[in-house]
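Student: pasted the sequence and its predicted model underneath.
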Amino acid sequence: MLVGVALAVPLVGLALLLGYPSLDLRWEHHPSHFWLVSGVAVINVVLGVVMSEAARQRRDVRLFLVSMALLASAGFLALHALATPGVVLAGPNGGFALATPVGLLIASGFAAVSALELEPHEATLLRLQRPLRIGLLVVIVAWAGASLFEVGFMRRVFETERAPWLLTLLPLGVAAYAFAAWRYVGIYRVRRRPLPLVVAMSFVLLAEALLVVALSRGWHLSWWEWHVLMAVAFTAILLAARHEYRAERSLVRTFRSLYLEGTLERLDERQSEALTTLAHADAEGSIDQATDDLRAEGFTGDEIAVLLRSARELSTLEGLLRRYVGPQLADRLGDDPSLAELGGDEREVSVLFADLAGFTTFAEGRPAPEVIDMLNTYWSRVVPTLVDREGGLIERFAGDAVLVVFNALGDQPDHAVRAARAAIALRDASERVHVGSNDWPRFRVGVNSGPVVIGNVGADAQRSFSAIGDTTNVAARLQSLSAPGHITIAGHTVAQAHAVAGVELEIAPLGAVDLKGKSEPTEAFELISVQETQPGEQR
């Protein structure tokens, strides 16, 4: 609403000046006119060139056409500055006086075309970029030459920037700007960035400038109004671009809110590849070579600096993620983000459940930091074996307990062997820690195999990757049967491990045991060691 009111103010002002001619004062000051017009033209040329360069680097035809609209209006506006009597030329010149509306009309064509659906014609327009640039330059130079030599109608000195043929074309220019403004408002509503909205507002101001040109009186306030409208339009785009550059710290990303969807997809893919390259190079200590390669591919220094910061932040976040979910799940989430969705799939797995016997008694009366140090000492020794060597996925830590799932991602057909080896390694590593701290509690371990539902439970705001089912419950019950420093393994896990060629488990039978919550007894064994007579499957 406020934007609409602001855009209506110039038309209301024009109506007052024309309706009450006494208000339309005459002010003829040649130096002010020259420096205002030439200054605005220079600003617009710089902005148009910067946009054009960004469009060239990203091969975006929409941004190219917007830059052409700015360059067309700026080029002819610069010619209009030459019409100022007594500054550059000795007297007024009809061609230079008419230059501004001609430039605005040409610019309106580029603006309207930029607002069309350009994707089907992208390849053709990309090929036409160079001819269009050259063509615009030729037209500006030809108009300047014809004006200087006063060819045809340019012999006349126009008091205002009006000519009959020009007045006929003005409604087309206004309609073209209005159409472009409407389409860019639509882009703003989708992308919610300021630049498309400012471009739309500027096109409205340029349409109003065309109307004022047709109705104003030379050197009167109404005539000065279109100069101010153009200055405000171009300055607004410049300030919006400056704001975007401060946020993006990259020339080509400054105008990303104006890019075609295809350009955005290419830009995101290119930057994703650059982020990966910089992250790997930073980890390997070859960052200088990586940045040189990116410069050779057309990345600017500012872009590389932003990407490098982002790469380091992503590496930090990835490191934190891997600590919480484990390297296997972190890698799979990177390859397949759908794994993070709520829900799950049933899968055959082996589960290891370990708990510190007597932990509650140990923790009583001891300072919390001492208890935490004890737990972290144990975990620092056993976790690398569980995760790095055997590829287990730690489903959760529960204080002094850990639940580890093998084949959670469906890529470990030898999961029973892995779980058995991990249980032995956990027992041995924790026993070595216990030797130096005799009063510390000791682990007891349970191992079981069977179906579970693997997936995410929780809500949109927070969720957990979990293994849910009776298999995990049985592993916990088997753990409770174990003596400290011992492992209890289910009979069907033993059978699955023995089915792997070259693997033999050293076990001691415990018979059929009754477990809480189970209607039938469960065959159980104490696991003593894992013997491998030949290499098993790839770990």
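Tutor: Right, received. Where do you want to start?
Student: neighbours around Thr168, how many?
Tutor: By other Cβ atoms under 10 Å, 9 other residues sit near Thr168. Where you see a C-beta, it was placed from the backbone N, CA and C, and this is true even at glycine.
Student: that one: which element?
Tutor: According to DSSP states H and E, Thr168 maps onto helix 164-191.
Student: what mean pLDDT does stretch 491-505 get?
Tutor: The average pLDDT within stretch 491-505 is 87.
Student: would you mark the buried spots in it?
Tutor: For stretch 491-505, the buried set under the neighbour-count rule, 16 or more other Cβ atoms under 10 Å, comprises 491, 493-494, 496-497, 500, 503, 505.
Student: ok, now stretch 123-135?
Tutor: 125, 129, 133.
Student: chain center to that stretch, what's the gap?
Tutor: 30 Å (Cα atoms, centre = their mean, to the nearest Å).
Student: report the mean confidence score over it.
Tutor: 93.
Student: tell me where the stretch 401-539 of the chain has strands.
Tutor: Under the criterion DSSP state E, counting those that start in this stretch, strands of the stretch 401-539 of the chain are mapped to 401-406, 442-458, 463-468, 487-490, 503-513, 522-532.
Student: for the ones you listed, which one ends up most surrounded?
Tutor: Counting by mean count of other Cβ atoms under 10 Å, strand 487-490 has the highest mean neighbour count of these, with a mean of 28.
Student: packing partners for that strand?
Tutor: Identification of packing neighbours for strand 487-490 by 3 or more Cβ pairs under 8 Å, 6 or more residues apart in numbering; DSSP states H and E yields helix 415-435, strand 442-458, helix 470-481, strand 503-513, strand 522-532.
Student: make JSON lines from the ones you listed and add distance to Ile304 to it.
Tutor: Converted to JSON lines, the helices and strands packed on strand 487-490 look like this (distance: least, Cβ to Cβ, whole Å):
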{"stretch": "helix 415-435", "distance to Ile304": "43"}
{"stretch": "strand 442-458", "distance to Ile304": "37"}
{"stretch": "helix 470-481", "distance to Ile304": "48"}
{"stretch": "strand 503-513", "distance to Ile304": "51"}
{"stretch": "strand 522-532", "distance to Ile304": "50"}
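Student: nearest to Arg56, of those?
Tutor: Nearest to Arg56 among the helices and strands packed on strand 487-490 is strand 442-458 (45.2 Å), distances taken as Cβ to Cβ.
Student: ok now the closest one, how far from the chain's centre?
Tutor: Centre-to-centre, strand 442-458 and its host chain are 37 Å apart (Cα atoms, centre = their mean).
Student: any idea of the angle that strand forms with strand 401-406?
Tutor: With axes from the mean of the first three to the mean of the last three Cα atoms, to 10 degrees defining the directions, strand 442-458 sits at 70 degrees from strand 401-406.
Student: so for the helix or strand containing Leu275, mean pLDDT?
Tutor: Using DSSP H and E, Leu275 falls within helix 261-284. For helix 261-284, mean pLDDT is 80.
Student: just send the buried residues of stretch 491-505 back as JSON lines, with distance to Ala483 too.
Tutor: JSON lines is the format used below for these (distance: Cβ to Cβ, whole Å):
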{"residue": "Gly491", "distance to Ala483": "19"}
{"residue": "Thr493", "distance to Ala483": "19"}
{"residue": "Val494", "distance to Ala483": "19"}
{"residue": "Gln496", "distance to Ala483": "24"}
{"residue": "Ala497", "distance to Ala483": "22"}
{"residue": "Val500", "distance to Ala483": "27"}
{"residue": "Val503", "distance to Ala483": "25"}
{"residue": "Leu505", "distance to Ala483": "18"}
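Student: list just the nearest of those residues to Val447.
Tutor: The shortest approach to Val447 among the buried residues of stretch 491-505 belongs to Thr493, at 5.6 Å (Cβ to Cβ).
Student: which residues sit in contact with the closest one?
Tutor: By Cβ atoms under 8 Å, 6 or more residues apart in numbering, the residues touching Thr493 are 350, 416, 419-420, 447-449.
Student: so what secondary structure elements neighbour the helix holding Leu275?
Tutor: Counting contacts by 3+ Cβ pairs under 8 Å, 6+ apart, helix 261-284 is packed against helix 30-58, helix 287-296, helix 301-325.
Student: would you turn these into a markdown table with distance to Ser67?
Tutor: Below are those laid out as a markdown table (distance: least, Cβ to Cβ, whole Å):
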| stretch | distance to Ser67 |
| --- | --- |
| helix 30-58 | 4 |
| helix 287-296 | 24 |
| helix 301-325 | 20 |
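Student: what I need now is the ones you listed written out in TSV, including mean neighbour count for each item.
Tutor: Output for the helices and strands packed on helix 261-284, formatted as TSV (neighbours: other Cβ atoms under 10 Å):
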stretch	mean neighbour count
helix 30-58	18
helix 287-296	15
helix 301-325	15
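Student: now mean pLDDT and distance to Ala231 too, for these, in JSON lines please.
Tutor: What follows is the helices and strands packed on helix 261-284, written out as JSON lines (pLDDT from 0 to 100; distance: least, Cβ to Cβ, whole Å):
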{"stretch": "helix 30-58", "mean pLDDT": "89", "distance to Ala231": "5"}
{"stretch": "helix 287-296", "mean pLDDT": "84", "distance to Ala231": "37"}
{"stretch": "helix 301-325", "mean pLDDT": "62", "distance to Ala231": "29"}
